[in-house]
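Visitor: take a look and give me a structure for this.
(one chain, ligands or ions: 2)
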Amino acid sequence: MSIASHSEQANLAQARDWLAEARSIAVLTGAGISAESGIPTFRGPGGLWNNYRPEDLATPEAFARDPKLSWEWYDWRRQRVAAAHPNPGHAALAELERRVPAFTLITQNVDGLHRAAGSRNVIELHGSLWRLRCVACAREVENREAPLREIPPRCSCGGLLRPGVVWFGEALPADAIQQAARAAARCDLFLVCGTSAVVYPAASLPERALFAGAKVVEINLEPTPFSEAAHLSLRGKSGEILPRLAQAVRHTEPLI
Ligand code: BJW
Ligand code: ZN
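Guide: Ligands and ions are numbered 1, 2, ... in the order given. Here you go, the predicted model:
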């Protein structure tokens, strides 16, 4: 294990001070926070997009062209997530929510691991792998069957069910992005964790928090396009850094 440099220690201490002082915290998470649970990320080493082209699988056009192929990929991902458990990064965010007066967790992830870790105020910007929606009648159903019995799955009306996720070119759920934008604008501290920060409109949320005067701290294994703009960029695994940050509020009584 490497010994953290002096500046890394100082950055961590600064982030902990901001955390201890903050009355309102918002967090944006991405695929990196679930990497330590064994869920592949999209971009970077081992990322899903190294083996699959997003336009072949994660667009409405791809689904319309070949729903079976699209579903086979989602069914495989659902099985991986069903076998996974939340990691210490998810747990640390759930703990923060219990100890900080106002806390909003905004996630781009569709795996449901934040709720599984005990987080309650979760905004799922890109939907959920566990919700299916009928392309004919728009009915939504919760479905946790992994593997699915039938591919592609069908609605009771006979229409095709699609994954309840947001594909490229589709609008995010209006209430979700509005609530997320509000949380970003009113927080004193915004954490950006495990996201490559390249997919919009999610990537605009840390910019909005900066503009509104919040301290913004990035936690990522690697630099991202947002790193330069962040007040602090902590390099490393979220499953190691977030629990160390959460220690900053551990002296307070849980609020819920
Ligand atoms: C760790 C770690 C560890 C690893 N610890 N860190 C040109 C310019 C600007 C915008 C556009 C443009 N062209 C098109 C657009 C719009 C487009 C977009 O942003 N494209 C860009 C890619 C260019 N956006 C959209 O289309 C969105 N919709 C939209 O804009 O609608 C407009 C509209 C309005 C009104 C009507 C109609 C339309 C929708 C975006 C949907 C994104 N969907 C996906 C798939 C979801 C379903 C599924 O899961 O299959 O969402 S794509 C994929 O990317 C997924 C993710 O949520 C999203 C973000 O990825 P994320 O989470 O950041 O993961 P990675 O893999 O990229 O990064 C992981 C990071 O973790 C890395 O940095 C690692 O270093 C790090 N890491 N291990 C800490 N242990
Ligand atoms: Zn239907």
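Visitor: contact residues of the stretch 151-256 of the chain facing ligand 1?
Guide: Residues of the stretch 151-256 of the chain found near ligand 1 (C-beta under 6 Å from any ligand atom) are 165-171, 194-196, 198-201, 220-222, 224, 237-239. (Glycine included, C-beta is placed from N, CA and C.)
Visitor: just the buried ones from the residues you listed, in PyMOL syntax?
Guide: Entered in PyMOL, the line below selects the buried ones among these, by 16 or more other C-beta atoms under 10 Å:
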select buried, resi 165+166+167+194+195+196+199+220+224+237+238+239
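Visitor: looking at the residues of the stretch 151-256 of the chain next to ligand 1, which are in strands?
Guide: 165, 220 (DSSP state E).
Visitor: among the residues of the stretch 151-256 of the chain next to ligand 1, which ones are in helices?
Guide: 238, 239 (DSSP state H).
Visitor: for the protein, what spans make up the helices?
Guide: Using DSSP H, helices in the chain cover 6-21, 32-35, 54-57, 60-65, 67-82, 88-99, 113-116, 174-186, 204-211, 238-246.
Visitor: mean pLDDT lowest where, among the ones you listed?
Guide: Ranked by mean pLDDT, these bottom out at helix 54-57, which scores a mean of 75.
Visitor: keeping just the C-alphas, turn that helix into CSV.
Guide: The C-alpha trace of helix 54-57 is given here as CSV (Å, rounded to 0.1, in the frame of the first residue of the first chain):
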residue,chain,number,x,y,z
PRO,A,54,-23.1,2.5,-26.9
GLU,A,55,-24.9,3.1,-30.2
ASP,A,56,-25.5,-0.6,-30.6
LEU,A,57,-27.0,-1.1,-27.2
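Visitor: now do it: distance to the chain's middle.
Guide: Here helix 54-57 is found 20 Å from its chain centre; the criterion is C-alpha atoms, centre = their mean, to the nearest Å.
Visitor: please apply the same query to stretch 119-139.
Guide: The chain centre lies 14 Å from the centre of stretch 119-139; the measure is C-alpha atoms, centre = their mean.
Visitor: anything in that stretch near ligand 1?
Guide: Yes - judged by C-beta under 6 Å from any ligand atom, stretch 119-139 comes into contact with ligand 1 at residue 126.
Visitor: okay, now the domains of this protein?
Guide: What the record gives for the chain is the domain set 3-39+85-126+171-246, 54-83+133-165, from automatic domain parsing.
Visitor: buried deepest among those, which one?
Guide: domain 3-39+85-126+171-246 (a mean of 19; mean count of other C-beta atoms under 10 Å).
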